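Peer 1: Provided below are the primary sequence and the corresponding predicted coordinates.
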Amino acid sequence: MGLLDEMRDEVAGIFSKQWSTIDGRVVPDPEDLLLSNDARYFKRATVLYADLSGSTNLVDHQSWQVAGEVYKTYLLCAAKLIGSLGGVTTAYDGDRVMGIFIGDHQTSSAAKCGLTINWTVQNVINPALRNQYPSTDYEVKQLVGIDTSELRAARIGVRGGNDLVWIGRAANYAAKLTSSRNDYQTWLTGDAFQWLTDETKYGGNPRQLMWKTFKWTAMNDQTVYGSSWTWAVS
């Protein structure tokens, strides 16, 4: 069978085969699902995307070594913070990382994670960068997007080269939010904001709301929330 016939058969099979879906209780690994139409269902899960800003400027104006070190340090810290707050890193995509949070207080944990990533960039990564390269004027900037919704995981690809795809609004909206204005580093959809505990809504002394309301013009003026606050890591 030639490649064209093989692809036609497999595409027709994917579109015609019934899905097998079971409820998910943990974030799966790719090996936990079949390559056929097999899915894990989550009534609600929270997705966090952490994304470096200005990557084109970074690779155009810095050495490849510096660019590589920025990628590595940012993605390392983001993944460690996701894990420390109960999330699971599910994908690396160039200069960004995706985390999934499930269970009780999942959205508050994701929001706290966004604030800790912001703190870490300002207090760990950029100081180390300036210490190593005192003549550079480059500064690491980044954005985190968070949404929560019904979500399903399916396995995609071919044998020997496959991964998970997350199907649902939260995965798409969280990624889109990383294109927001970068004077606010952590972004939530309106639905995600409604799930926050007071601990992740209010901060400072006296207590004040850490989030500012915006209209998401690219998405029919939906209400979203941005924050420039940080959450210290010990």
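Peer 2: Sure thing, it's come through.
Peer 1: buried sites along the biggest helix by length in the chain?
Peer 2: Ranked by residue count and defined by DSSP state H, the top helix of the chain is helix 64-84. For helix 64-84, a neighbour-count test (16 or more other Cβ atoms under 10 Å) marks 66-67, 69-71, 73-75, 77-79, 81-82 as buried. Using the backbone N, CA and C atoms, a C-beta is placed for each residue, glycine as well.
Peer 1: can you give me the buried ones in the helix or strand following that helix?
Peer 2: Toward the C-terminus, helix 64-84 is succeeded by strand 88-93 as the next helix or strand (DSSP states H and E). If you call a residue buried by 16+ other Cβ under 10 Å, then strand 88-93 has these buried ones: 88-90.
Peer 1: just confirm Y225 contacts K215, I think it does.
Peer 2: No: taking contacts as Cβ atoms under 8 Å, Y225 lies outside contact range of K215: 11.1 Å.
Peer 1: rewinding a little: what's the angle between the longest helix of the chain and strand 88-93?
Peer 2: Counting by axes from the mean of the first three to the mean of the last three Cα atoms, to 10 degrees, helix 64-84 lies at 160 degrees to strand 88-93.
Peer 1: circling back to that earlier point, nearest to A12, of the buried residues of strand 88-93?
Peer 2: Among the buried residues of strand 88-93, T90 lies closest to A12 (Cβ to Cβ), at 29.0 Å.
Peer 1: relative to G99, how far out is that closest one?
Peer 2: Applying Cβ to Cβ, to the nearest Å, the value for T90 to G99 is 7 Å.
Peer 1: for S109, same thing?
Peer 2: Counting by Cβ to Cβ, the gap from S109 to G99 is 10 Å.
Peer 1: which one's more surrounded, these two?
Peer 2: Neighbour totals were compared for S109 and G99, and G99 leads with 29 against 22 (other Cβ atoms under 10 Å).
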